[in-house]
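Novice: quick check, what structure comes out for this input:
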Amino acid sequence: MRGRPALSRSPWMEPMTRSLSPLAALLLAAPVSAQTLVETLTAGVAGDLYGTSIAITNDWLAVGAPGDVLGEGRVYLYERSGSSFVPAGTLGPLDGTTDFAGFGADLDLEGDELVVTAPDGATPYVFFFEHDGASWTATDTETSDAAGFAKAVALDAGRVVVGRDSGAEVYERAPGGWDSTASLTTSDSGTGRNVDVSGDSIVLGGARVVIFDLVGGVWTNVEQVFAQGDVAILGDRALLGHTNYNVVFPPPAKDGGGAYVYERVGGSWVETAILHEETALGIHDYGQRVALADDRALVADLEVGEMAYFEFINGQWSTSAVVDSHCCDDPLAIDMCGSTVATGFPFDAFASSFGRAPIYVLPFQFSFIGTGLAGTGGSAPVLDGSGCTLDGGSVDLTVTTGLGAAPGLLLGGFAGSQLPFYGGTLWVGGILLVLPHALDGTPGVPLDGTAAISLPLPTDQVLVGVELYFQAGYVDAGAVFGASLSNAVKTTIE
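Specialist: Residues are numbered from 1 along each chain as shown. Just a heads-up that it's a prediction; the model follows:
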């Protein structure tokens, strides 16, 4: 899956440029320690359990409501439009009967594929859907008489993992549908309540965590961890929630839960970090839900409705924010796409079970590299990024505090650098993109220049894991050698 793509043929080379309004610039310049609540979605009526499950991609949001229509269940679909999500219909069980009770109890999205569980009928089912460019269509169903089947599901690159008691079933895309290809078994009856898959690795959670790797064509149990919570895996990194994690030393003692970070080193999985919210004491249960996006991790506490957000910067994990649910009810589902976090709250804290799905934006997706070179007014242009860097997503870059209407270039590459350049430093290497553009703002006015540049990413699995570097430079008579430079930003395609 990993490797350097041949982007000379890629639509990534055809970026779109648009101006950035002063209001948007103000929002994007907000302190990185704060989250922004973009909107709160809701649908149905009390008792629908809207928000029990949730999944987000660059283009779509799916919210499960397994109690809808007297327990039959529904999935609500939304299509992204700018920073908002627009209702795009609902999906239900194929025959409209309660034999498929609990439809929407869990779900996962990737590209134009959606998988949904219905675990509460006489026979548990898993439904497979595809989007054909106009609508979502059911393409297959799978069932099993195994205890606990379809309580959890995960999807990645043509492979679906469905949790059950003491293990999971593995399905792979085949002509005309999906085929069962493997059955994974563990020694703990609760393992399989939580599942995730990334490439040739599967992680099961519940009573304990078990990691399986595909070795020589056979799914092999390669690691077991005593951790009781949710699980997530992406490439060579796994995030394992552990609600019973506690810290005794150094004092004061903390027993608020947390998550283990494991990374693949050679052919083994090794613990590399423990993520723990430092203020969590007593009543907290961090680790009940987790999400992972490259160098970003989200660890949720269902007891108090908080989510701790961590970033991996300069070789260390640190807490970047604590996302508050703005209420005292508990999120049952979380998912993260780049800097966008989707949460599901099937129960209202003060009344009935009228669910909701708050959508947050966390401005932490891109890492800053180096410093810029000041121009007129004594300040350097500031380059920042957001968007969803999933395969097929987009990179959204913003420039602020530049010289109004100044012409310049955006440079993009696949490697870091540190070369002298026009009196400053060029932080981007392996340059493949050179985009001419001009800043918005009043011509010649210091700090008034802004811009927003969106770079679509191609849908190509070979891009996953590729690092992208960006830096901008502008004509500015007040700068050394007549050119101001921004800082650089770095991100990784997921």
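Novice: so where's the stretch 151-300 of the chain uncertain?
Specialist: Within the stretch 151-300 of the chain, the stretches with pLDDT under 70 are 244-256, 277-285.
Novice: what ranges does it have for its strands?
Specialist: Along the stretch 151-300 of the chain, counting by DSSP state E, counting those that start in this stretch, strands occupy 153-156, 159-164, 167-174, 177-185, 194-198, 201-205, 209-215, 218-225, 231-234, 237-242, 258-265, 268-275, 286-293, 296-301.
Novice: could these go into CSV alongside mean neighbour count and distance to I54?
Specialist: The C-beta positions use only the backbone N, C-alpha and C, and glycine is treated the same way. CSV is the format used below for the strands of the stretch 151-300 of the chain (neighbours: other C-beta atoms under 10 Å; distance: least, C-beta to C-beta, whole Å):
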stretch, mean neighbour count, distance to I54
strand 153-156, 24, 13
strand 159-164, 26, 17
strand 167-174, 21, 21
strand 177-185, 15, 22
strand 194-198, 26, 15
strand 201-205, 27, 18
strand 209-215, 21, 22
strand 218-225, 15, 26
strand 231-234, 26, 14
strand 237-242, 27, 17
strand 258-265, 21, 19
strand 268-275, 16, 21
strand 286-293, 26, 10
strand 296-301, 27, 12
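Novice: which other residues reach stretch 43-53?
Specialist: If you take C-beta atoms under 8 Å, 6 or more residues apart in numbering as the criterion, stretch 43-53 is touched by 42, 62-68, 74, 76, 87, 104-107, 331-333, 343-348, 351-357.
Novice: can you flag which of the residues you listed belong to strands?
Specialist: Counted as lying in strands by DSSP state E, out of the contacts of stretch 43-53, are 62-65, 74, 76, 87, 107, 333, 343-344, 357.
Novice: one step back: ok, which of the strands of the stretch 151-300 of the chain comes nearest I56?
Specialist: strand 286-293 (9.7 Å; C-beta to C-beta).
Novice: tell me the spacing between G44 and G412.
Specialist: Applying C-beta to C-beta, to the nearest Å, the value for G44 to G412 is 44 Å.
Novice: neighbour count winner among these two?
Specialist: Per other C-beta atoms under 10 Å, whichever of G44 and G412 has more neighbours is G412, with 24 against 19.
Novice: buried stuff in the strand or helix carrying the more buried one?
Specialist: Following DSSP states H and E, one finds G412 within strand 407-421. Neighbour-count burial for strand 407-421, counted by 16 or more other C-beta atoms under 10 Å, picks out 408, 410-414, 417, 421.
Novice: need the max-distance pair from those residues.
Specialist: The span of the buried residues of strand 407-421, defined through C-beta to C-beta, is set by G408 and F414 at 21.1 Å.
Novice: domains in the protein, by residue range?
Specialist: What automatic domain parsing lists as the domains of the chain is 32-361, 367-492.
Novice: was I right about G177 contacting F129?
Specialist: No. Between G177 and F129 there is no contact under C-beta atoms under 8 Å: 11.9 Å.
Novice: give me the common contacts of those two.
Specialist: Common neighbours of G177 and F129 are listed as T139 (criterion: C-beta under 8 Å, 6+ apart).
Novice: what's stretch 167-185 in contact with?
Specialist: 126, 128, 139-140, 142, 144, 146, 149, 158-162, 166, 186, 191-192, 195, 202, 204, 212, 219.
Novice: who does whatever helix or strand D396 lives in pair up with?
Specialist: Using DSSP H and E, D396 falls within strand 394-402. Using DSSP bridges, strand 394-402 pairs in its sheet with strand 382-388 (antiparallel), strand 449-456 (antiparallel).
Novice: and of the ones you listed, who's closest to S318?
Specialist: Set against S318 and scored by C-beta to C-beta, the strands paired with strand 394-402 come closest in strand 382-388, at 18.9 Å.
Novice: quick one: average confidence on the host helix or strand of L432?
Specialist: Assigning secondary structure by DSSP H and E places L432 in strand 424-438. If you average the pLDDT over strand 424-438, you get 93.
Novice: name the helices or strands packed onto it?
Specialist: strand 407-421, strand 449-456, strand 467-475, strand 483-492 (3 or more C-beta pairs under 8 Å, 6 or more residues apart in numbering; DSSP states H and E).
Novice: give me the buried positions along it.
Specialist: 424-428, 432-433, 435, 437-438.
Novice: now the helices and strands packed on strand 424-438 as JSON lines including mean pLDDT?
Specialist: Shown next, in JSON lines, are the helices and strands packed on strand 424-438 (pLDDT from 0 to 100):
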{"stretch": "strand 407-421", "mean pLDDT": "92"}
{"stretch": "strand 449-456", "mean pLDDT": "91"}
{"stretch": "strand 467-475", "mean pLDDT": "94"}
{"stretch": "strand 483-492", "mean pLDDT": "91"}
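Novice: so which of those strands comes closest to Q288?
Specialist: By C-beta to C-beta (comparing all of the helices and strands packed on strand 424-438), the closest turns out to be strand 483-492, at 26.9 Å.
Novice: show me how far that closest one is from its chain's centre.
Specialist: Offset of strand 483-492 from its chain centre (C-alpha atoms, centre = their mean, to the nearest Å): 23 Å.
Novice: packing partners of that strand?
Specialist: Short answer (3+ C-beta pairs under 8 Å, 6+ apart): strand 483-492 packs on strand 367-369, strand 382-388, strand 394-402, strand 407-421, strand 424-438, strand 467-475.
Novice: what strands flank the first one, and is each parallel or antiparallel?
Specialist: Neighbouring strands of strand 367-369 in its sheet, by DSSP bridges, are strand 483-492 (antiparallel).
Novice: CA atoms of the partner strand as CSV?
Specialist: Extracted as CSV, the C-alpha positions of strand 483-492 are listed here (Å, rounded to 0.1, in the frame of the first residue of the first chain):
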residue,chain,number,x,y,z
ALA,A,483,10.6,38.0,-1.1
SER,A,484,8.8,37.0,2.0
LEU,A,485,8.5,33.3,3.0
SER,A,486,5.9,31.5,5.1
ASN,A,487,6.6,28.6,7.5
ALA,A,488,6.2,25.1,6.1
VAL,A,489,3.5,22.6,7.0
LYS,A,490,3.6,18.8,6.9
THR,A,491,0.8,16.2,6.7
THR,A,492,0.5,12.5,5.8
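Novice: list the buried ones in that strand?
Specialist: 483-492.
Novice: please name the nearest non-neighbouring residue to W136.
Specialist: Take W136 and drop its neighbours on the chain: the residue closest to it by C-beta to C-beta, 6 or more residues apart in numbering is F129, 4.8 Å away.
Novice: and that neighbour, what helix or strand is that in?
Specialist: Using DSSP H and E, the element containing F129 is strand 125-131.
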